[in-house]
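Novice: I would like the atomic coordinates for the input below:
(chains A and B)
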Amino acid sequence: MSRRAALLLAAPPIVFLAVFFAWPVASILAAGLFPNGQLDVRGLVATWTQPWALRTVAFTLALAIGSTLLTLAAGMPAAWVFARFEFRGRRLLRALSIVPFVLPTVVVGAAFLALLGPRSPVNAALAGLLGPSAPVLRLDGTIWAVLLANVFYNVAVVLRLVGGLWSHLDPRTEEAARMLGASPWRAFREVTWPLLRPAVMSAASIVFLFTVTSFGIVLVLGGPGQSTLEVEIYRQTAVLLDLPAAAALSVLQIGGIFTLLLLYARSQERLAVEGALRPAAEMARPPRTRRERLAVGGTLLGLGLLIGLPLLVLVERSFAGIGGYSLDAYRSLFSVSARSALFVPPARAIADSLVFATATLLIAGCLGLLAALVIGYRRGWLPRTFDAVVMLPLGTSAVTIGFGFIIALDQPPLDLRTSVLLIPIAHALIALPFVVRAVAPVIRAIDPRLREAAAVLGASPSRVWRAIDGPIVARAALVGAGFAFAVSLGEFGATLFIARPDTPTVPVAIYRLLNLPGGTNFSQAMAMSTILMVMTAASVLLIERFRGSGPQPF
Amino acid sequence: MSPRRHPAVVALLLATSAVVLHLSPTFAQSPAAPPQPSSPQRANPTEVTLLATDSFALSDDILASFQAQHGVPIQVLRVGDAGAMVNQAILSKEHPFADVLYGVDNTFLSRALDAGIFEPYAVTDLEALPPALRLDPQDRVTPVDYGDVCLVLDLKAFGSGGLPTPTSLRDLTLPVYKGKLVVENPATSSPGLAFLLASIEQFGETGSYTWHDYWRDLRANDVAVTAGWDDAYYSTFSGGSDSSGAAGDRPIVVSYATDPAAAVYAASPAPDVSPLGIVPSSCFRQVEFAGVLAGTDDAALARALLDFLVSQPVQEDIPPNMYVLPALPAARLPDAFARFNEAPAQPLTMQPALIGANRERWLAEWTDLVLH
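Specialist: Coordinates of the predicted model:
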């Protein structure tokens, strides 16, 4: 790719990020950093050196690193199983794995409290065995509950991003190493791991960014003493309106994360190993040996406990009522009664959610693809910086972005503050990194010799791209597209601090229902959550259908 | 590449170029840009914009009735909570993006008033609203609804064979209530802040037993603190959800005086007796106000919207939608609210200016006392 072409491709995402990210964030930071027109260095340093600020930064980093490592530990076996083995329900389970992603933190918090709190099934069993004096085991209000919830939310990132690349790797390479006498571990470490590493790092970076800015789940499950940078920025901005303190913390957050992202982009470039990618070929096969069946079964069981159980709790509670299980919650959601005036008609909420998700998919999909092409094909500090910038919105406080919109996009022609466009734009900011991280590592891993061979055989450059890179890129893009869609369906809290026109999406409806007392409201919120889960799984299945099936003509 | 993949690629390219065109700077300058409601002069208003919190809800037909009367629809913008909304309104003072703001409560009122984001307007029916709720003598804001934040009891845990019913805030420090109370963090929750203010108003900052002593005792009595109302009510309080089993195990929660009514209103089938009760002497009054935003480009419409918010039909639509009480005493309540509402005769209150001046300090002190 020529420099010119790269610039041309990079222009649209750069303009998008400049207008909808850099400018708003710079505006709100400037308001805080230059309170009287002059940089308040002393105030900045004073905030940074407060003991609570240091504590908060340490806790935020520890939580994000811990969550990332645990998510990798849980996600790698799953990625392997889904990439290598064919089993019944594989596609459905893959689609279901993304469901946690869209659930509002309040809802997930409720499910985890039910499973880990004083009235959990474990405690019920203990009380049944030992009577009222039984010890009560509880994880709610501890760091473990937050870590577990973060793994629950993010395991799909590893499963899909790593699994996506893994399924392109030819298992015969590893088998050849085994044949030559390498142990399974050595064969993995020396053959598969170097090829896989970029995708693993990609997934890890997303999980890290996602957890380093986690807000709701820390508040709900972490207990009142825990505070992350994100929570503090929210407090300073939305509660106290102390913009200098908020800006000091945001600078710390954005600066720190940007530095990490630059280092990360550098390592990604160096680690990229080209080779052995089989274009869009299906490498999975049924498990053959007993050991393989055991590995597949065990991994699926683990995933079931981690992801399936909390989801089941929510579904169960949507059916539970005073008089036992019933469809009452669903019936009342869909019936038009005097009382349902409050509620968003589910059909409308679903339609709204789907419209925004489609818009997000288009914006993030196209811009992300363009960015990924540049990042994947070009080397050097410029593409590296570009890579870090594209990822940055995911690591920036939603409060900072939301308040930035309010003061930056305030004049024609860009007064979008009352425009419905702002919602998919905000979603796309968050979704972009997913598309880029799904596509860029795959591009880098394509063996250049394949292209050379095609060129030697007389194919034109565009024909070469269509034959070699195209199918692989398209497939990876679909993985990213699935995430983009899910990011938007779940709202993510990204839009919580953006003034937005009255568009009752499904998460908004859940939020409203959970804000009111009363059993019907609660079970309706659970019913809406169940609808959201089904919607998400169905959409992701549909999106992935585009990748086609059967042998590819390569 | 299979031929059937071609259309997809072409479509993708087309979509890319469409989006690129759409988002490129030329788009920004093109006359087809989205409508700009806050351009300085507006000859033909197309809508009137109401800035509200995420809790805002009114029936569609009620909202539509405004358009029938005034010819333009209400566009509702929502932003997170009251704090986020007020702060955004303050930051965008120079270029306001709404005409009316609704949902600023007495705990954020002084900040909003000090920032000068409202322009005074006395609603047509001002005299119909109780003087006790009209906290701004200059009429920069108008009370629209109120609610009392109280200790709410899960009655099945009290009475014969159960716990004694508490009658005061101080009762909660008794050993019998150890591990029974859940409150919200006042730094992240508005009922949590109201309850903190109730304790400050009740016990004061000086004397033999201050609010510091009270919270020290509550902490020693194993008070649970959650981040928000929803996790307190639905996950820690034992009376929050009738869908068996998964609710919490604490029978006392900081919530609203309308909860006993809501527990009947939003239950199916509706019980004859409310399963919840309140401790009347523990209640702190939250009043929510609306005001015309200074710099609105259509003051007449903005005023009409304010009049509309305190008109009888809207006031009667408020309780079933937001579970708070209408400011207008003449507004009729839904049956369940009329029957089961336990309004405290003398709720605790505090001057908004006093709250505004001390909030930050109180929150810091509370955090040190209870969480560290």
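
Novice: which bits of the stretch 201-350 of chain B sit near chain A?
Specialist: Within the stretch 201-350 of chain B, the positions lying close to chain A (Cβ under 8 Å from any Cβ of the partner chain) are B:225-231, B:233-236, B:240-249, B:255-256, B:258-259, B:262-263, B:265-269, B:317, B:320-321, B:323. No exception for glycine: its C-beta is placed from N, CA and C like everyone else's.

Novice: kindly supply the PyMOL command isolating those of those that are buried.
Specialist: If you want just the buried ones from those in PyMOL, going by 16 or more other Cβ atoms under 10 Å in any protein chain shown, the selection is:
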select buried, chain B and resi 225+226+227+228+229+230+231+233+234+235+236+240+241+242+243+246+247+248+249+255+256+258+259+262+263+265+266+267+268+317+320+321+323
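
Novice: in strands only, show me the residues of the stretch 201-350 of chain B next to chain A.
Specialist: B:Val225, B:Thr226, B:Ser255, B:Tyr256 (DSSP state E).

Novice: show me where pLDDT drops low in chain B?
Specialist: For chain B, applying pLDDT under 70 flags the ranges B:1-44, B:241-247.

Novice: let's go with 80 and repeat that
Specialist: B:1-45, B:80, B:240-248, B:267-269, B:341-343, B:372 (pLDDT under 80).

Novice: okay, how far is it across stretch A:267-286, tip to tip?
Specialist: With Cα to Cα, to the nearest Å applied, stretch A:267-286 spans 35 Å between its terminal residues.

Novice: quick one: mean pLDDT over that stretch.
Specialist: The average of the pLDDT scores along stretch A:267-286 is 66.

Novice: so A:Ala455 touches A:Trp465, yeah?
Specialist: No - between A:Ala455 and A:Trp465 there is no contact under Cβ atoms under 8 Å: 10.6 Å.

Novice: which residues of the stretch 301-450 of chain A lie near chain B?
Specialist: Counting by Cβ under 8 Å from any Cβ, the residues of the stretch 301-450 of chain A near chain B are A:313, A:317, A:320-322, A:328, A:332, A:338-339, A:341-342, A:362-363, A:365-367, A:369-370, A:399, A:402-403, A:406-407, A:410-419, A:421.

Novice: what about the helices in the stretch 201-350 of chain A?
Specialist: Under the criterion DSSP state H, counting those that start in this stretch, the stretch 201-350 of chain A contains helices at A:216-221, A:229-234, A:243-271, A:290-303, A:309-319, A:328-334, A:346-377.

Novice: now those as CSV including distance to A:Phe386 and mean neighbour count?
Specialist: Formatted as CSV, those follow (distance: least, Cβ to Cβ, whole Å; neighbours: other Cβ atoms under 10 Å in any protein chain shown):
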stretch, distance to A:Phe386, mean neighbour count
helix A:216-221, 31, 26
helix A:229-234, 25, 26
helix A:243-271, 9, 19
helix A:290-303, 35, 15
helix A:309-319, 37, 20
helix A:328-334, 45, 19
helix A:346-377, 6, 23
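
Novice: out of those helices, flag the one nearest A:Phe85.
Specialist: Each of these was scored for nearness to A:Phe85 using Cβ to Cβ, and the closest is helix A:290-303 (5.3 Å).

Novice: so what touches the closest one?
Specialist: A:Ala74, A:Pro77, A:Ala78, A:Trp80, A:Val81, A:Phe85, A:Phe87, A:Leu93, A:Ser97, A:Val155, A:Pro287 (Cβ atoms under 8 Å, 6 or more residues apart in numbering or on different chains).

Novice: tell me the mean pLDDT over it?
Specialist: Averaged across helix A:290-303, the pLDDT comes to 90.

Novice: just want the residue of chain B that's nearest chain A.
Specialist: Of all residues in chain B, the one sitting closest to chain A is B:Ala266 (2.5 Å; Cβ to the nearest Cβ).

Novice: residues contacting B:Ala64?
Specialist: B:Pro73 are the contacts of B:Ala64 under Cβ under 8 Å, 6+ apart.

Novice: what about B:Arg332, which SS state?
Specialist: Put simply, B:Arg332 is coil when judged by DSSP: H, G, I helix; E, B strand; the rest coil.

Novice: excluding covalently adjacent residues, which one is nearest to it?
Specialist: Distances taken as Cβ to Cβ, 6 or more residues apart in numbering or on different chains place B:Glu316 nearest to B:Arg332, at 5.6 Å, with adjacent residues excluded.

Novice: cool, B:Thr124 as well?
Specialist: Using Cβ to Cβ, 6+ apart, the nearest residue to B:Thr124 is B:Asp307, at 5.2 Å.

Novice: element containing that neighbour?
Specialist: Using DSSP states H and E, B:Asp307 maps to helix B:299-309.

Novice: chain center to that helix: distance?
Specialist: 21 Å (Cα atoms, centre = their mean, to the nearest Å).

Novice: correct me if wrong: B:Phe337 contacts B:Asn321.
Specialist: No - using Cβ under 8 Å, B:Phe337 is not in contact with B:Asn321; the gap is 11.7 Å.

Novice: now A:Phe208. Nearest residue, chain neighbours left out?
Specialist: Per Cβ to Cβ, 6+ apart, closest to A:Phe208 is A:Thr68, 4.7 Å.

Novice: so the one you found makes contact with A:Met201?
Specialist: No - counting by Cβ under 8 Å, A:Thr68 stays clear of A:Met201, with 10.7 Å between them.

Novice: between the two, point out the one with more neighbours.
Specialist: A:Thr68 (25 against 20; other Cβ atoms under 10 Å in any protein chain shown).

Novice: sec struct for that one, please.
Specialist: Taking three-state DSSP, the label given to A:Thr68 is helix.

Novice: quick one on the thing from earlier: was I right about the residue nearest to B:Arg332 contacting B:Pro326?
Specialist: Yes - assessed by Cβ under 8 Å, B:Glu316 is found in contact with B:Pro326 at 6.8 Å.

Novice: compare those two (neighbour count), which wins?
Specialist: Neighbours were counted for B:Glu316 and for B:Pro326 using other Cβ under 10 Å; B:Pro326 has more, 24 against 17.

Novice: contacting residues around that one?
Specialist: Contacts of B:Pro326 (Cβ under 8 Å, 6+ apart): B:Val144, B:Asp145, B:Gln315, B:Glu316, B:Ile318, B:Pro319, B:Leu333.

Novice: the residue lying closest to A:Val108 once chain neighbours are set aside: neighbour count?
Specialist: Once flanking residues are discounted, A:Val108 sits nearest to A:Ala149: 6.1 Å by Cβ to Cβ, 6+ apart. When neighbours are defined as other Cβ under 10 Å, A:Ala149 has 27 of them.

Novice: tell me the buried residues in whichever strand or helix holds A:Ala149?
Specialist: Per DSSP H and E: A:Ala149 is located in helix A:143-166. Residues of helix A:143-166 classed as buried: A:143, A:145-166 (neighbour count, 16+ other Cβ under 10 Å).

Novice: rewinding a little: contacting residues around the residue nearest to A:Val108?
Specialist: Applying Cβ under 8 Å, 6+ apart to A:Ala149 gives the contacts A:Val108, A:Gly109, A:Phe112, A:Ile217, A:Leu221.

Novice: would you reformat the residues you listed as TSV and include pLDDT?
Specialist: Shown next, in TSV, are these (pLDDT from 0 to 100):
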residue	pLDDT
A:Val108	85
A:Gly109	82
A:Phe112	84
A:Ile217	81
A:Leu221	81
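
Novice: what's the closest of those to A:Val534?
Specialist: A:Val108 (16.5 Å).

Novice: return the distance of the helix or strand hosting the closest one from the chain's centre.
Specialist: Element membership for A:Val108 (DSSP H and E) is helix A:105-116. On the basis of Cα atoms, centre = their mean, helix A:105-116 sits 19 Å off its chain's mean C-alpha point.

Novice: can you name the residue of chain A nearest chain B?
Specialist: A:Gly518 (2.5 Å).

Novice: I'd say that residue and B:Ala263 touch.
Specialist: Yes - counting by Cβ under 8 Å, B:Ala263 is a contact partner of A:Gly518 at 6.0 Å.

Novice: circling back: which pair of the contacts of helix A:290-303 spans the longest distance?
Specialist: Using Cβ to Cβ, the pair of these lying farthest apart is A:Val155 and A:Pro287, separated by 20.8 Å.
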